[in-house]
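In: One predicted model, sequence on top.
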Amino acid sequence: MAPDLKSFYKTVDDLAEPFIERLRDAVAIPSISAEDERRADVVRMGMWLKGQLDSLGAAMEARPLGAQPGKEHLHLPPAIIGRYPAKKDESKRTILVYGHYDVQPASLSDGWKTEPFKLSVDDKGRMYGRGSTDDKGPVLGWLNVIESHQKAGIDFPVNLLMCFEGMEEYGSEGLDDFIIAECKPGKFFADADACCISDNYWLGTEKPCLTYGLRGCNYYSIEISGPGQDLHSGVFGGTAQEPMTDLVRVMGSLVDGDGNILIPGIKELVAPLTKEEQSLYKNIAFTMDNLYESLGSKTGIFPDKESTLMGRWRYPSLSLHGIEGAFSAPGAKTVIPAKVTGKFSIRTVPDMEPQEVDSLVYSHVDKVFKSLKSKNTMHCNLQHSGKWWVASPKHWNFTAAAKAVESVWGVQPDLTREGGSIPVTLTFEQATGKNVLLLPMGSSTDAAHSVNEKLDRKNYIEGIKLLGAYLHYVAEEPMKTS
Ligand SMILES: C[C@H](N)C(=O)N[C@@H](Cc1c[nH]cn1)C(=O)O
Ligand SMILES: [Zn+2]
Ligand SMILES: [Zn+2]
């Protein structure tokens, strides 16, 4: 192993406690992008991140992204962008890294065992807290890499460009146009040679992976209203048409219990499975027990690994997320809600065009609602949309990352796709014209978006080494390859 890497790894181990404290400080800021009343916290989180990077000597900027579309009274949180070292070294490669500093909603009443915005480390080194794995741990990974180089007195191997956003969990509103503008000649991201995103997870708990594909996400709402206000079900039940009754019937028409999407035409948009692709699934280190461990149950749809991986990566899915306005508290309130809004999303895959999916959704929902012959009113809207992405892993960016995995974890990584979505991945690829790599830090049991989200101490500390080693191997890859 190169002496620089050896001393970098040792310094990361020596700084493990301060790095965990840095994560504790980040988790303590409830930067929930989906809750309007938390917008000030999202901005505070962005500015905290900028402050940390300022004090590490990076050249940072907080760029405003304007008003939030559809909620013009709210400002989008800033894009925190920067460069390290502050002055570009023309002899080195330039790597653009992206992450997000917003998180999903969380509250103790959802069933968390510990306070979601207080990092709680148990005796097995599991660090619980909202955003620990998605995506505050990986974002702080880059800061910790910088600090470890400084403390170890090692030359930083590349020019690092950074782009951290605060609306990823809400569809990355406002960021696409910003990235496209900043990738133009002479602008901030113009000189990137490749991109790296650490914002997804291993397939299991033991084997690291490099990821070259993501599903897209079209997120919809169906609003049904009728009565002028909520009603007493004893007085009005049986005499008023109820919005909730209509909504559950419309939502029930979207998908069946085995995950089959019931909207006509959706299946036909999916690229057929080729023999070559089919053969890839066999060799992936994944077992049904991995699935059951991360599900916390044995309620998977498929009996085998191949169908399960295909169901996650290469076929679309439709999930029902919730109903705004419905009675959901404990107890037995006898109310008829006057207006309810159902939320669902479709994870999209090659070759599904988001607009084609929209048309099929709208015409299906309209048809089903009309068939109810209800006097209520229905509106179906797209909340946000991000396209799927599949790239080639045959690139020096992936080769460098594979060497880093071998150096840190002592194994060759699996090449995987991911069922989740990171809407700006495709934007980075198209706007820079360069390769994008997904280099995950956390594992399959981290419960991102769920209750008791965590990041294992080992994944965090070794993950910092992984991100740093990746930059070192990037610097070693021959310059002549694209
Ligand atoms: C994979 C990434 N860490 C993530 O969680 N992405 C979100 C992004 C999102 C939110 N709405 C639509 N996309 C996800 O996959 O849900
Ligand atoms: Zn994320
Ligand atoms: Zn997320």
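Out: Cool, got the structure. Ligands and ions are numbered 1, 2, ... in the order given.
In: Check which helix or strand residue 195 maps to.
Out: Assigned by DSSP states H and E, residue 195 belongs to strand 194-197.
In: Contacts (any at all) between ligand 2 and that strand?
Out: No. Shown here: strand 194-197 not in contact with ligand 2 (CB under 5 Å from the ion), separated by at least 9.1 Å. Where C-beta positions appear, they are placed from N, C-alpha and C, glycine not excepted.
In: so what does that strand touch, helix or strand wise?
Out: strand 94-100, helix 396-409, helix 424-432, strand 436-438, helix 457-476 (3 or more CB pairs under 8 Å, 6 or more residues apart in numbering; DSSP states H and E).
In: Which of the ones you listed sits closest to residue 365?
Out: helix 424-432 (26.8 Å; CB to CB).
In: do the closest one and ligand 2 meet at all?
Out: No. Counting by CB under 5 Å from the ion, ligand 2 has no neighbours in helix 424-432; the shortest distance is 10.9 Å.
In: if we can go back for a sec, how far does the strand holding residue 195 sit from its chain's centre?
Out: 15 Å (CA atoms, centre = their mean, to the nearest Å).
In: which of the residues in stretch 466-478 are buried?
Out: 466-475, 477 (16 or more other CB atoms under 10 Å).
In: Same list (the residues you listed) but as TSV, adding distance to residue 275 and pLDDT.
Out: Formatted as TSV, these follow (distance: CB to CB, whole Å; pLDDT from 0 to 100):
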residue	distance to residue 275	pLDDT
466	34	98
467	36	98
468	39	98
469	36	98
470	33	98
471	37	98
472	38	98
473	33	98
474	34	98
475	38	97
477	32	84
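In: give the contact list for residue 168.
Out: 33, 100, 102, 135, 199, 422-424 (CB atoms under 8 Å, 6 or more residues apart in numbering).
In: make it 10 Å
Out: If you count contacts by CB atoms under 10 Å, 6 or more residues apart in numbering, residue 168 has them with 33, 98-103, 134-135, 175, 199, 386, 421-424.
In: give me the subset of the residues you listed touching ligand 1.
Out: With CB under 6 Å from any ligand atom as the criterion, the contacts of residue 168 include 134-135, 199, 386, 421-422 near ligand 1.
In: For residue 26, give me its contacts.
Out: Residue 26 neighbours (CB under 10 Å, 6+ apart): 45, 48-49, 52, 101, 103, 119, 129, 131-132, 136-137, 139-140, 143.
In: Out of those, which sit inside helices?
Out: The helices, defined by DSSP state H, take in 45, 48-49, 52, 137, 139-140, 143 from the contacts of residue 26.
In: most neighbours, which of those residues?
Out: residue 137 (31 neighbours; other CB atoms under 10 Å).
In: hang on, isn't residue 114 packed against residue 132?
Out: No. Using CB atoms under 10 Å, residue 114 is not in contact with residue 132; the gap is 11.1 Å.
In: Looking at the stretch 151-300 of the chain, what residue ends up closest to ligand 2?
Out: The stretch 151-300 of the chain approaches ligand 2 most closely through residue 199 (4.2 Å), counting by CB to the ion.
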